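# Using only what follows, build the 3D model:
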Amino acid sequence: MPAWTERNWDHERDLRKHEPRPTDKLPPLPLHVQAPPIAGALEIAILAQSVPLMQAAELIEQYARTEAAAARVDATAAAIDRVCTAIEAHGATNAQA
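Modelled structure (predicted):
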């Protein structure tokens, strides 16, 4: 095994310079992780005025996705309720026969 030369030490030192340190500032978290849940369109409008344009666009997109997901959940719950009602009605009809 070759002996360590000054060049090896310099190379190792340079590699260590690029390693993240615990005291280094971490990159910001994605918006959906750092932002609290947004309750309504009014909050979106207020928040959008106080942040840069790209961040405002991300807030609006997050709000739209949240509302769309809530609508899908509501539609799914309504469909499940209709199916359960139909099953119960069918079961009651079979029990009477």
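
# Sketch out the low-pLDDT regions of this structure for me.
The model of the chain has pLDDT under 70 over residues 1-4, 16-39, 47-48, 94-97.

# Okay, helices next: where are they in it?
Counting by DSSP state H, the chain has helices at residues 6-18, 31-34, 41-49, 53-96.

# Format those as CSV; extra columns: mean neighbour count.
In this view, the C-beta of every residue, glycine as well, is placed from N, C-alpha and C. Below are the helices of the chain laid out as CSV (neighbours: other C-beta atoms under 10 Å):
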stretch, mean neighbour count
helix 6-18, 9
helix 31-34, 10
helix 41-49, 13
helix 53-96, 11
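
# residue contacts, Val83?
Contact criterion C-beta atoms under 8 Å, 6 or more residues apart in numbering gives no residues in contact with Val83.

# State the distance from it to Arg13.
67 Å (C-beta to C-beta, to the nearest Å).

# Also Gly91?
As defined by C-beta to C-beta, Gly91 lies at a distance of 77 Å from Arg13.

# swap in Arg7?
Counting by C-beta to C-beta, the gap from Arg7 to Arg13 is 11 Å.

# now Ala77
61 Å.

# do the same with Ala69
50 Å.

# One more: Ala75?
Note on Ala75: its distance to Arg13, by C-beta to C-beta, is 60 Å.
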